[in-house]
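In: pasted the sequence and its predicted model underneath.
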Amino acid sequence: MHNYQDVHGHFPPAILYGPDGKTPYSWRVALLPYLEEKPLFDRYRLDEPWDSPANRKVLDKMPAV
């Protein structure tokens with residue numbers, strides 16, 4: 001979380017929005033690149049709902065931190 005804060009100047013908000021400005025995703029997804037999980041983050045589709053079939057596959061592999 002502190003690595004995210006160092007880069008962005010603040011801790012991640014509870015909810016972030018994808019490129020369309022409407023589709024929400026969790027701070028847990030936003031932290032993936034800072035947990036050495038960039039490939040997993042890249043598989044998450046920011047333009048789809050969090051519970052879409054593609055994103056559910058990613059969420060099933062979330063690291064336990």
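Out: Done, it's in. Numbers count the residues shown, from 1 in each chain.
In: for residue 20, see how far away the nearest residue to residue 62 once chain neighbours are set aside is.
Out: Excluding the flanking residues, the one nearest residue 62 by C-beta to C-beta, 6 or more residues apart in numbering is residue 28, at 6.4 Å. Quick note: C-beta positions are derived from backbone N, CA and C, even for glycine. Per C-beta to C-beta, to the nearest Å, residue 28 is found 20 Å from residue 20.
In: what strand or helix carries the residue nearest to residue 62?
Out: helix 27-30 (DSSP states H and E).
In: contacts for that helix?
Out: Residues outside helix 27-30 that contact it (C-beta atoms under 8 Å, 6 or more residues apart in numbering): 4, 12, 13, 14, 15, 16, 41, 44, 50, 58, 62.
In: now the last one: phi and psi?
Out: Phi and psi for residue 62, reported as degrees, to the nearest 10, are phi -60, psi 140.
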